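Undergrad: build me a model from this:
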Amino acid sequence: MYKINILGKNYTIRSSLPFSEINKIVKEINEKYKNFEIEYKTFDKVDILIFYLLELYETIYNLKKSLLREDEIKDKIKNKIEEIEKDVILVLKNLTISE
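TA: Next up is the predicted model:
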């Protein structure tokens, strides 16, 4: 269990990540919030956190799209390799038959 401080409030959490990684995340959250707070001076804490959540979700959404594209490309490559393997096997069979 780790003790962390986000936006001035202490929390005790469990995580599979090492404490050094948790600290990086906590630091990023606190810094990002401060930047939003400066940018949106008239907004309250909840509004600022919603903007931050939207930004995080956009990042997650884009990463998912990217992973899906990568999977599609991997599938195309795999299918092409299988096609080539079949062609090679057919050519080899034809070579041995013609000998």
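Undergrad: ok, which stretches of this structure are helices?
TA: Applying DSSP state H to the chain gives helices spanning 19-39, 45-98.
Undergrad: mind listing what residue 16 touches?
TA: By Cβ atoms under 8 Å, 6 or more residues apart in numbering, no residues touch residue 16. The way it works is simple: take the backbone N, C-alpha and C, and place the C-beta from them, glycine included.
Undergrad: and residue 48, how many neighbours does it have?
TA: Residue 48 is flanked by 20 other residues according to other Cβ atoms under 10 Å.
Undergrad: could you do residue 2 as well?
TA: Residues near residue 2, counting by other Cβ under 10 Å, number 14.
Undergrad: buried stuff in stretch 48-67?
TA: Neighbour-count burial for stretch 48-67 flags 48, 51 (criterion: 16 or more other Cβ atoms under 10 Å).
Undergrad: who's in contact with that stretch?
TA: 29, 32, 33, 36, 37, 40, 43.
Undergrad: and with 6 Å instead?
TA: With contacts defined as Cβ atoms under 6 Å, 6 or more residues apart in numbering, stretch 48-67 is touched by 32, 36, 37, 40.
Undergrad: ok, those residues vs residue 4, which is closest?
TA: Nearest to residue 4 out of these is residue 32 (Cβ to Cβ; 15.0 Å).
Undergrad: any of the contacts of stretch 48-67 buried? List them.
TA: If you count burial by 16+ other Cβ under 10 Å, the buried members of the contacts of stretch 48-67 come out as residue 36.
Undergrad: hmm, which two among the contacts of stretch 48-67 are most spread apart?
TA: The widest separation within the contacts of stretch 48-67, taken as Cβ to Cβ, falls between 32 and 40 and amounts to 12.1 Å.
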